[in-house]
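# What follows is a predicted structure for the sequence shown.
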There are 2 protein chains.
Amino acid sequence: MKKLMNTAGGYVDEVLAGLLAANPGMVLAGESGRNVARRAGVKAGTVGIASGGGSGHLPLFVGYVAEGLLSSCAVGNVFEGPNLASCMDAITAADGGKGVLLLFGNYGGDKMNFAMAAEMLAEEGVETRTVLGTDDIASAEPGDKAKRRGVAGIVYAYKIAGAAADAGMDLDEVARIAQKAVDSTRTIGVALTSCQLPGADAPTFEIADDEIEMGMGIHGERGIWRGKMRTASELVAEMIERITAELPLTAGQKISVLVNGLGATPLEELFLVYGETKKRLDALGVEIVLPLVGNYVTSMEMAGVSLSIITLDDELEPLLKAPAQCPFWKV
Amino acid sequence: MKKLMNTAGGYVDEVLAGLLAANPGMVLAGESGRNVARRAGVKAGTVGIASGGGSGHLPLFVGYVAEGLLSSCAVGNVFEGPNLASCMDAITAADGGKGVLLLFGNYGGDKMNFAMAAEMLAEEGVETRTVLGTDDIASAEPGDKAKRRGVAGIVYAYKIAGAAADAGMDLDEVARIAQKAVDSTRTIGVALTSCQLPGADAPTFEIADDEIEMGMGIHGERGIWRGKMRTASELVAEMIERITAELPLTAGQKISVLVNGLGATPLEELFLVYGETKKRLDALGVEIVLPLVGNYVTSMEMAGVSLSIITLDDELEPLLKAPAQCPFWKV
């Protein structure tokens, strides 16, 4: 696969340089060179939110450093968790004296480095709580949520927790609400093509020209089944069925829906999938609030789509709808 | 290539249905079923702006029907111009009594149907002016601008003309300013991979795994050269050199830059390209205002990037910066 790049070794830092050059509200903060924070810093008297993760998923993770969303984000190499130094920088940059929520996907390396960073900074008096994105229903059985990975649905937790922090809620409240957002969200995706790491000789995985994989993770982790291409209608039906099997939707329930492109899928097809999704959700009698359609969490040039649903109540809905100043939160 | 779709015949209408379902500010207007207008209609006492074009380029064209941008947009089949009925619907929907600017890309079918529609509606008293997007420097020599195609740079004309119309300028003024925006903009793109029409058996063109094409059009029209993959730095250098050969940039000149993804290019690579672009433009001493990085004008699942530059003066700059309410105008 052809990539618009210079050298594999410089890829992530050159991407970051371009991102920062185009977004004057973002700055590098700390000594690691791999932590991005809001230029304006943490709003006085509010909880900060630090995230982090591997590169290759833009706009996730670092694109959501913005007013009303994240305070800071540690940036790892492509498909690799952030290192300890960048996690420490992220927590430090998000600390305005009211504590920091660590909100990131449930991956081993990320957890280890954030936990170590939090422990070291606790000695300097920085208080933290941790909430993990675990929305990917294909990654483990419902009874085994501790093993579930975080995928596209984490943007709902970012938005809702970010609004809670901006509203001045304390650390325990922001953490409770972030966990509630995670617990209310389910995601499943379907991959059509592979992706390739910068500098690699071959794609991350092979998939036949007429095959797709239901439930594949955002780094190419094995999904639920691999088979022949199906219609958008059939795929949406299966995705909604799998989600509603553990997130039951009853008439009148308010929800939001994210139809997320994995990177190389035309926007046309994302809207087509949204149309199919809305038809089926309308039939269940639910009310869709603030639908999101676009590339929110990608796997570089992977083609495919994921579907996330979050159930909303009187607490989550206004936080989801609260304003945010982020070029990647397009509503 | 695999597509998230149901049937080739239903593709465009299903995409439109999903787009409208997700964007309550847009409605179908007229009998053609292929014209989208702002739900709020044309603001009283202002000029309307109608556009149109083939499908397969989202967010272009129809995604820019929004406050501060287009009033209406005629929607053609994939890579085909809009038909006469949809052009008539677009002009009618954009007419609030102060006349309508027809602003679309310089393609034969589009021109023919818009001209015929304008002529028929002139008999009913609808006044129109036409301005064509002609920013693609690879499509004809500088002395032959009437043959140049419109590509990604048209979004600058949309934004600037949209703001002029919203500010209450009259039809001649809005047309003059739109033409000035077109005349101040140049674009060149480089394609890395092909794309495929819904229902087609093969990609629109073939290109080897290690080859790229400089100057390819957004429907796969032949470019300037085809050759081996190069570094992002080399590609950006050539694109800037070609643009500045006919749009000379001097120190202190204000410009905006659009680094546009053609569909399948990871956002990481677009930011990397923006970083390279900014470095080279900084060296020229120009001042970059409101840089745009993302997928603004695509060719379905084509990978690649285009670079557009617009020179700004005291008239164009505030119009470019004026607010707009559009999920695809991400600033």
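On my side now, so go ahead. Numbers count the residues shown, from 1 in each chain, chains lettered A, B, ... in the order given.

# What's the mean pLDDT across stretch A:106-119?
What stretch A:106-119 shows for mean pLDDT is 97.

# I meant to write stretch A:251-260 there.
If you average the pLDDT over stretch A:251-260, you get 98.

# buried set for it?
Neighbour-count burial for stretch A:251-260 flags A:Gln253, A:Lys254, A:Ile255, A:Ser256, A:Val257, A:Leu258, A:Val259, A:Asn260 (criterion: 16 or more other C-beta atoms under 10 Å in any protein chain shown). C-beta coordinates here come from the backbone N, C-alpha and C atoms, glycine included.

# Helix or strand: which one has A:Val15?
Per DSSP states H and E: A:Val15 is located in helix A:11-22.

# which helices and strands sit right next to that helix?
strand A:26-28, strand A:35-38, strand A:48-55, strand A:72-78, helix B:267-284 (3 or more C-beta pairs under 8 Å, 6 or more residues apart in numbering or on different chains; DSSP states H and E).

# Quick one: closest of these to A:Leu267.
Nearest to A:Leu267, of all the helices and strands packed on helix A:11-22, is helix B:267-284, at 13.2 Å by C-beta to C-beta.

# Please name every helix or strand in contact with the closest one.
Helix B:267-284 sits against helix A:11-22, helix B:232-244, strand B:254-261, strand B:292-294, strand B:304-312, with contacts defined as 3+ C-beta pairs under 8 Å, 6+ apart.

# For the helices and strands packed on helix A:11-22, please prepare a markdown table with the additional fields mean neighbour count, mean pLDDT and distance to A:Ala165.
As requested, the helices and strands packed on helix A:11-22 are exported to a markdown table (neighbours: other C-beta atoms under 10 Å in any protein chain shown; pLDDT from 0 to 100; distance: least, C-beta to C-beta, whole Å):
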| stretch | mean neighbour count | mean pLDDT | distance to A:Ala165 |
| --- | --- | --- | --- |
| strand A:26-28 | 18 | 98 | 18 |
| strand A:35-38 | 26 | 98 | 12 |
| strand A:48-55 | 28 | 98 | 6 |
| strand A:72-78 | 26 | 98 | 12 |
| helix B:267-284 | 22 | 98 | 26 |
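
# looking at these, which is closest to B:Gly97?
Distance to B:Gly97, taken as C-beta to C-beta, is lowest for helix B:267-284 among the helices and strands packed on helix A:11-22, at 41.3 Å.

# does any part of the next helix or strand after that closest one sit near chain A?
Downstream of helix B:267-284, the next assigned helix or strand under DSSP H and E is strand B:287-288. No: Strand B:287-288 does not reach chain A (C-beta under 8 Å from any C-beta of the partner chain); its nearest approach is 8.7 Å.

# Please enumerate residues in contact with strand B:287-288?
Here strand B:287-288 makes contact (C-beta atoms under 8 Å, 6 or more residues apart in numbering or on different chains) with B:Gly252, B:Gln253, B:Lys254, B:Ile255, B:Ser256, B:Val257, B:Lys278, B:Leu281.

# Please compute how far it lies from its chain's middle.
Here strand B:287-288 is found 22 Å from its chain centre; the criterion is C-alpha atoms, centre = their mean, to the nearest Å.

# quick one: average confidence on it?
For strand B:287-288, the per-residue pLDDT averages 98.

# just stretch A:159-168 next, same as before
Per-residue pLDDT over stretch A:159-168 has a mean of 98.

# nearest to chain B, of the buried residues of stretch A:251-260?
Set against chain B, the nearest of the buried residues of stretch A:251-260 by C-beta to the nearest C-beta is A:Val259 (8.1 Å).

# give me the beta-bridge partners of that closest one?
On the basis of DSSP bridges, A:Val259 is bridged to A:Val293, A:Leu307.

# Give me the distance between it and A:Ile288.
11 Å (C-beta to C-beta, to the nearest Å).

# hey, what's in contact with both of the two?
Residues touching both A:Val259 and A:Ile288 by C-beta under 8 Å, 6+ apart: none at all.

# Could you point out which of the helices and strands packed on helix A:11-22 sits nearest A:Gln179?
Comparing the helices and strands packed on helix A:11-22 by C-beta to C-beta, strand A:48-55 comes nearest, at 13.1 Å.

# partner strands of that closest one, parallel or antiparallel?
Sheet pairing for strand A:48-55, assigned by DSSP bridges, gives strand A:72-78 (parallel), strand A:100-105 (parallel).

# could I get the longest one in PDB with only the CA atoms?
What follows is strand A:72-78, C-alpha atoms only, in PDB (Å, rounded to 0.1, in the frame of the first residue of the first chain):
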ATOM      1  CA  SER A  72      -4.700  16.300  26.900                       C
ATOM      2  CA  CYS A  73      -3.700  13.200  25.000                       C
ATOM      3  CA  ALA A  74      -0.600  10.900  25.100                       C
ATOM      4  CA  VAL A  75       0.400   9.800  21.600                       C
ATOM      5  CA  GLY A  76       1.900   6.400  20.900                       C
ATOM      6  CA  ASN A  77       3.500   5.000  17.800                       C
ATOM      7  CA  VAL A  78       1.200   3.500  15.100                       C
END
